[in-house]
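Novice: Structure of the sequence below:
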Amino acid sequence: MIGLYKKGVVVFWLMFFFSIEGYSQNVKQNNNSINHVKPDLENNIDSLLSVANKVKTSDSLNFQKHLGELSLLTTKMNEPQSCYFHFLKSYNLGLKGKYSEAKSSLESGFKKCDSIPNKIRYSALLANLYVISKDFEMAINRLDYAIENIKNIDDQELIHSVYSRAALVYRLVNQNDLSMKFSELLLGSDTNDALKCAAKTNVLRLSIKSNPNDVKEKNVRKAIAFCEKAEVFIYSNLLRLDWLDFKANQNTKNYSVIKSVLDEVLSYQNQIDGTRYINLISIKDSLFAQIYYSLGNDEKFLKFAELTLGSSKTIGNTKQKLQVLGLLESFYQNDGNYEMAYKYLTMKNKAQALSFNQEQAKVMAFQTVKHNNLAKTQQIKHLNNKNKVLLLEKALTEKKATNQKLLILFLLSLVGFILLWSLRNRRIQKMYKHLSETDNMTGIYNRKGFKDFAEKLLLQSKEQGESVALAIFDLDKFKRINDKYGHLKGDWVIKKTISQCQLVQNDKVTIGRIGGEEFAIIMRDSSSEELSEFAEECRVMIENIDSSSTGHDFVITASFGVASTNASGYVYSKLLSDADHAMYDAKTSGRNMVVNYKYNPI
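Specialist: Just a heads-up that it's a prediction; the model follows:
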């Protein structure tokens, strides 16, 4: 049937082509007739482009069909039509997960196409692709171009499309207030149902992420139904899976709830797979893995866990990858296979570290772009001031010598202004450096800041012949606290842990947060025994934390691993790795203890 369909399409377009050729032969006898052909063909191309654009998020097969039909008309397209078609082909590459090819195609099209509407389309989609590819600074730059230039167009549909893309990109770089504002702009506009669906979905997904207990299920179901009516199945299922993931995490021991979640995901599995949107499919596979883990179905759990990890090779580090790695570690640990458990623990720690660094990169990218834009504005102002000064100097030279005092006073004021601006700019740079090195939750070093500090200390200590000790500690079963009591209580635990450790006085100690619930301690001019004593005091302080102020009663413990330069040398990565091995020994030996790294020469 597909072969017959393809042949039918080819025959149709051949007949269409030859009918035009035959018609043009008759025109030799009647020159006035040909004026009707070209407008009809252009209108047909415009119509096909419009329909393809409308179905690209709702009907993948129909979208592919229209791209095929348009490819037969490329020689008949004018410049704006050709650029629009190139945009749709690039979108199709992104839909298939070929992000690098899609970005290259869009960047090429942006340079070639002169029309502002097409440049805006290219920039908005590039912003989306760059943020998926974790190039956050480029994403924000491209989005800024699209937002800045919509004032130059009258196409309301395209303007609303940019609003929708802005809401998505700002959500992905954790600028949730901006994301919410652009969604509200869309909901208050006279736009199509597909874009309203995107806005409704975005608002609810942000709410599920930040305040899930305040979200009412009837509002979620109403938004899903709206999107399904608009045939925007990617957004309807993204919202559906977010909501079902929240329900599953809140009811891990409630069989009836878990079973109802499973039944719903199974009933929409074909629709989700039919979108061919790889990130959506990965979220679905991750939720399946979580459900089958809760139900004790090992075979299906492992199947969907592997599918999730497989898709992460294409789309990179994701929330679903972190969830599955945590489940695999618990699965193999409960099974007594500690070698596999350690393998997935190591993978999870690396993925968490990468995820944490990416979160920091999002903040820095947003601040950098806004800072650069501010710097450009200041530079323009400075050049304008300079031009004014030159004009004023020219006028003043034509006046009498008595006006020289005024010129000198003005120049002194200008110099003072430049000095003040330079000092302010230096303070801003210092502030950004501090932000890039500091964990915003606890106020201590983040992973990057701690690494930079530790490497500098190790270099100095090696030159001075002093030993250095380093410890890693991890909060035991922290995920259970997060899952059972919520992320706000988890944040309280992390901040309380650091404040308790800071009560243990020692001028030689520096603490950093190097992962979600993982921390590192470095002690200058010290042995592993001295740091072990400090770590033991921290461990006791953590164990004695009173959680009653949270409204819940739970115990917090931590496992510590200690290494020193005496056995591990002065290379930071080796010292960190040996401390990590010692911490893993503490975990597998019963948790809530301090273990020193044991050097085993080969």
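
Novice: switch to C-alpha atoms for all contacts and neighbour counts from now on
Specialist: OK.

Novice: where's the nearest residue in space to Asn149 that is not next to it in sequence relative to Gly188, distance?
Specialist: Nearest residue to Asn149, sequence neighbours excluded (Cα to Cα, 6 or more residues apart in numbering): Ile120, at 7.1 Å. Per Cα to Cα, to the nearest Å, Ile120 is found 22 Å from Gly188.

Novice: can you check Ser589 too?
Specialist: 58 Å.

Novice: Contacts for stretch 479-498, please.
Specialist: Stretch 479-498 is contacted from outside by Asn249, Gln250, Met441, Thr442, Phe478, Glu517, Ile542, Ile545, Thr550, Ile556, using Cα atoms under 8 Å, 6 or more residues apart in numbering.

Novice: Which segments of this protein make up each domain?
Specialist: 251-335, 358-437, 447-596 (automatic domain parsing).

Novice: Output these in CSV; the columns should cover mean pLDDT and mean neighbour count.
Specialist: Putting the domains of the chain into CSV (pLDDT from 0 to 100; neighbours: other Cα atoms under 10 Å) gives the following:
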stretch, mean pLDDT, mean neighbour count
domain 251-335, 86, 18
domain 358-437, 62, 14
domain 447-596, 94, 19
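
Novice: Rebuild the ones you listed as CSV, extending it with distance to Glu79.
Specialist: Below are the domains of the chain laid out as CSV (distance: least, Cα to Cα, whole Å):
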stretch, distance to Glu79
domain 251-335, 30
domain 358-437, 32
domain 447-596, 48
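
Novice: Which one, of the ones you listed, ends up nearest to Asn141?
Specialist: Nearest to Asn141 among those is domain 358-437; the distance by Cα to Cα comes to 6.8 Å.

Novice: What about the residue nearest to Asn149, how many residues nearby?
Specialist: 25 (other Cα atoms under 10 Å).

Novice: what helices or strands is the helix or strand hosting it leaning on?
Specialist: Using DSSP states H and E, the element containing Ile120 is helix 116-132. When contacts are defined as 3 or more Cα pairs under 8 Å, 6 or more residues apart in numbering; DSSP states H and E, helix 116-132 packs onto helix 79-95, helix 99-112, helix 136-149, helix 156-172.

Novice: Would you mind putting these into TSV with mean neighbour count and distance to Ala194 alongside?
Specialist: Formatted as TSV, the helices and strands packed on helix 116-132 follow (neighbours: other Cα atoms under 10 Å; distance: least, Cα to Cα, whole Å):
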stretch	mean neighbour count	distance to Ala194
helix 79-95	20	17
helix 99-112	17	23
helix 136-149	21	20
helix 156-172	22	10
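
Novice: Strands along the chain, start to end?
Specialist: Counting by DSSP state E, the chain has strands at residues 469-475, 509-513, 518-523, 558-564, 594-596.

Novice: Could you dump the ones you listed into a markdown table with distance to Leu457 added?
Specialist: A markdown table is the format used below for the strands of the chain (distance: least, Cα to Cα, whole Å):
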| stretch | distance to Leu457 |
| --- | --- |
| strand 469-475 | 11 |
| strand 509-513 | 11 |
| strand 518-523 | 9 |
| strand 558-564 | 13 |
| strand 594-596 | 21 |
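
Novice: out of those strands, nearest to Leu420?
Specialist: So among the strands of the chain, strand 509-513 is nearest, using Cα to Cα, at 34.6 Å.

Novice: Next, the angle strand 518-523 makes with the closest one.
Specialist: Interaxial angle, strand 509-513 versus strand 518-523 (axes from the mean of the first three to the mean of the last three Cα atoms, to 10 degrees): 160 degrees.

Novice: Show the contacting residues for Pro262.
Specialist: To be clear, residue 262 is Leu; Pro isn't right here. By Cα under 8 Å, 6+ apart, the neighbours of Leu262 are Phe288, Ile291.

Novice: Can you tell me how far it is from Asn334?
Specialist: 23 Å.

Novice: again, but for Ala586
Specialist: Distance from Ala586 to Asn334, by Cα to Cα: 17 Å.

Novice: right, and Ser436 touches Gly449 too?
Specialist: Yes. Look at Ser436 against Gly449 with Cα atoms under 8 Å: they come within range, at 7.4 Å.

Novice: Name the nearest residue to the residue sitting nearest the centre point of the chain, sequence neighbours excluded.
Specialist: Nearest to the geometric centre of the chain sits Leu172, at 4.3 Å (Cα atoms, centre = their mean). Nearest non-adjacent residue to Leu172, counting by Cα to Cα, 6+ apart: Val131, 6.9 Å away.
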